[in-house]
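Colleague: Structural data only, the sequence is not supplied:
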């Protein structure tokens with residue numbers, strides 16, 4: 001636990017951990033044009049996805065505008081660091097605890113930190129594997145985080161598939177580890193490797 005995390009179970013602390021790992025992988029990525037486990041995406045597109053969907057989502061649901069960062073095509077790692085820092089500022093602000101996120105009619109009013117944690121930080125966590133696997137880095141995910149995410153998503157599988165944001169579930173062995181089962185559940189092939197280039 002980082003000394004700067006006085007509330008280790010909070011949304012702010014979880015974002016600090018999850019975004020910190022993604023920052024490490026982005027900083028060590030050597031080939032931003034490398035293909036990823038997401039069909040049609042290069043490594044830079046993993047960052048592009050995260051910095052493009054979330055700011056407008058946050059503005060629409062909470063009226064918060066994140067400051068614009070550098071273009072992702074110029075320096076994906078710098079673009080990511082800028083957004084991670086901006087989101088952390090929002091989560092570390094004590095006033096955020098009293099704000100709500102509301103995107104009618106899709107999502108019921110939710111405390112802002114909980115909404116960021118559920119929709120964004122979880123997305124960053126899962127996409128960490130995409131970036132790490134694409135750029136030949138350590139792609140191990142925290143097994144406890146994997147278990148919590150998988151347990152939370154399984155009851156809503158039908159809704160998730162209908163959203164079009166997740167591919168078909170991939171078949172894996174029943175006794176596969178929790179990371180493998182999570183990746184398979186969200187439509188990733190856990191055995192995917194970058195093609196020879």
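Modeller: Received the coordinates, thanks. All values reported here derive from a predicted model rather than from experimental measurement.

Colleague: going forward, measure contacts and count neighbours with C-alpha atoms only.
Modeller: Will do.

Colleague: For the nearest residue to residue 33 once chain neighbours are set aside, give its distance to residue 99.
Modeller: Once flanking residues are discounted, residue 33 sits nearest to residue 42: 5.1 Å by CA to CA, 6 or more residues apart in numbering. Distance, residue 42 to residue 99, using CA to CA, to the nearest Å: 36 Å.

Colleague: which of those two has more neighbours?
Modeller: residue 42 (21 against 14; other CA atoms under 10 Å).

Colleague: The more buried one bridge partners, please.
Modeller: Listed by DSSP bridges, the beta-bridge partners for residue 42 are residue 35.

Colleague: How confident is the prediction for it, by pLDDT?
Modeller: Residue 42 carries a pLDDT value of 97.

Colleague: Quick one: residues contacting it.
Modeller: Residue 42 is in contact with 32-36, counting by CA atoms under 8 Å, 6 or more residues apart in numbering.

Colleague: could you point out which element follows whichever strand or helix holds residue 159?
Modeller: Secondary structure assignment for residue 159, by DSSP states H and E: helix 157-163. Sequence order places helix 178-185 as the next helix or strand after helix 157-163, per DSSP H and E.

Colleague: Mind jotting down where the strands sit in the protein?
Modeller: Per DSSP state E, the chain carries strands over the ranges 100-103, 107-111.
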